[in-house]
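Asker: just the structure for this:
(one chain, ligands or ions: 1)
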Amino acid sequence: MKVLITGGAGFIGSTIASVFAERGVTPVVLDSLVTGRQEFTDGKIFYQGDIGDGDLVDQIFQDHPDIIATVHCAALIVVPDSMADPLRYYRVNLTRTLDLAGHLIRNDCMRMIFASTAGMYRPEPDLSVTETSVLEPQNPYTRSKMMAELLLQDFCKAYGLRVISLRYLNPIGADPQLRTGLQNSKPTHALGKMIECHGLGVPFTITGVDWETRDGTAIRDYIHVWDIARAFYEATARFDSIVPPRGEGSGYEVINLGTGDGTTVRELVEAFREVVGDGFRAADAPARPGDVVGAFVNPAKASALLGWKPEYTIEDAIRHSLQWAERRRETDLA
Ligand SMILES: O=c1ccn([C@@H]2O[C@H](COP(=O)(O)OP(=O)(O)O[C@H]3O[C@H](CO)[C@H](O)[C@H](O)[C@H]3O)[C@@H](O)[C@H]2O)c(=O)[nH]1
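Answerer: The predicted structure follows:
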């Protein structure tokens, strides 16, 4: 039994591939390597190319008729980049998803698990989001994911495609066995900057201390990438009971993944300090342009339908991220 993973040489896709492989489902990786890394595909069945390339997708299904589902992770994901170049983001995240869905339907591969974002919700007054929260995406990245979901819903109704869309926020950590992790050696996200500052022995800058949260700093739902990957496996394993075949429902299901209470930037600094065990320092500064207060995800539906909840703590995720950064330095990954 096999599963096709688009973007399977990226941070999340490669972790998902490892979870499937460990559980006896062979991953077939399709990745353009525009942002993915060749070495993350070592030992895996790998096709380099574009998800919009119909001939290539046809070839994959000809070579592997035992593919039972597609995990669709291939996407561009950097919010500021999406604001600077929305054309590229809509082309990759929306048009290519449309093309891929057509290729999957032509090959009669009707189960898709879509990597989406909980960033498309308007947070409730307590900053939580659930599957019924209003959709109000704020930038081309989250809008491209929402539009992709809308077209997939139409394809489900018309062609019998079936989709589970998993929506989550900020994945951190690395494969606990350190086979894969973040591709980017200089991540700009909060934990990446903490690791960089710690290495340099300089204080970390907390950008934004006047938000209406429990300590004034922005909140996010950081979640260990292995936990995210496990949810993709569970969604695939339980697919037909969650989204029954044609005629019984819309063929489309949304499930949010999160911790249920989130972590503020100050709490992340505290956790980081605990893990590194030294006097890691932080300094306050104004928010970055375009920053948002953030949100956290209620995982009740994921618990009910997937039997899933996060297993790794924020400290585990920080530890694995630090180990991955060290591994990158040792192995000189560019
Ligand atoms: O050096 C830093 C970096 C970040 N922050 C703060 O930490 C919070 C979280 O920032 P991140 O950049 O870690 O996370 P965001 O959710 O703001 O955005 C990130 O995660 C998104 C996915 O959810 C997109 O990938 C996006 O491009 C990426 O920057 C924000 O309040 C930010 O101001 C700091 O205090 N100091």
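
Asker: any regions of the stretch 51-200 of the chain where pLDDT drops low?
Answerer: Scanning the stretch 51-200 of the chain for pLDDT under 70 picks out nothing.

Asker: which parts of it sit against the ligand?
Answerer: Within the stretch 51-200 of the chain, the positions lying close to the ligand (CB under 6 Å from any ligand atom) are 77, 78, 79, 119, 169, 170, 189, 190, 193. (Each C-beta comes from the backbone N, C-alpha and C, glycine too.)

Asker: identify the farthest-apart pair in the residues you listed.
Answerer: Between any two of these, the greatest separation by CB to CB is 19.5 Å, found for 119 and 193.

Asker: mind listing the strands for the stretch 201-334 of the chain?
Answerer: 204-207, 219-220, 222-224, 252-256, 263-264, 282-285, 296-297 (DSSP state E, counting those that start in this stretch).

Asker: what about the helices in this structure?
Answerer: Shown for the chain, the helices assigned by DSSP state H span residues 11-22, 54-63, 79-84, 86-89, 96-106, 140-159, 190-200, 225-237, 239-242, 265-276, 300-306, 314-331.

Asker: now do the second one: distance to the chain's middle.
Answerer: Per CA atoms, centre = their mean, to the nearest Å, the displacement of helix 54-63 from the mean C-alpha position of its chain is 25 Å.

Asker: and it, which residues are buried?
Answerer: Buried residues in helix 54-63, counted by 16 or more other CB atoms under 10 Å: 57, 60, 61.

Asker: angle of that helix against helix 96-106?
Answerer: Computed by axes from the mean of the first three to the mean of the last three CA atoms, to 10 degrees, the angle separating helix 54-63 from helix 96-106 equals 40 degrees.

Asker: for helix 54-63, packing partners?
Answerer: Helices and strands touching helix 54-63, as assessed by 3 or more CB pairs under 8 Å, 6 or more residues apart in numbering; DSSP states H and E, comprise strand 26-31, strand 45-48, helix 96-106.

Asker: what's the neighbour count on residue 164?
Answerer: Neighbours of residue 164 under the rule other CB atoms under 10 Å: 26.

Asker: surely it touches residue 115?
Answerer: No: at 10.5 Å, residue 164 and residue 115 do not qualify as touching, with contact defined as CB atoms under 8 Å.

Asker: more crowded one of residue 119 and residue 193?
Answerer: residue 119 (23 against 16).

Asker: these two touch, right, that one and residue 142?
Answerer: Yes: using CB under 8 Å, residue 119 is in contact with residue 142, at 4.4 Å.

Asker: need the overlap of contacts for the two.
Answerer: Residues touching both residue 119 and residue 142 (CB atoms under 8 Å, 6 or more residues apart in numbering) are residue 79.

Asker: for residue 332, give me the pLDDT.
Answerer: Here, the pLDDT recorded for residue 332 equals 61.

Asker: kindly report the same for residue 247.
Answerer: Predicted confidence (pLDDT) at residue 247: the value is 68.

Asker: which residues touch residue 116?
Answerer: Contacts of residue 116 by CB under 8 Å, 6+ apart are 145, 148, 149, 165, 166, 167, 168, 254.

Asker: same question, residue 264
Answerer: Contacts here follow CB under 8 Å, 6+ apart; on that basis residue 264 touches 213, 214, 215, 217, 218, 219.

Asker: what is the burial count for residue 39?
Answerer: Count around residue 39 with other CB under 10 Å applied: 13.

Asker: should've said residue 262
Answerer: If you count neighbours by other CB under 10 Å, residue 262 ends up with 23.

Asker: that one against residue 221, yeah?
Answerer: Yes: with contact defined as CB under 8 Å, residue 262 reaches residue 221; the gap is 4.8 Å.

Asker: quickly list what's touching both of the two.
Answerer: By CB under 8 Å, 6+ apart, residue 262 and residue 221 have these common neighbours: 294, 295, 296, 297.
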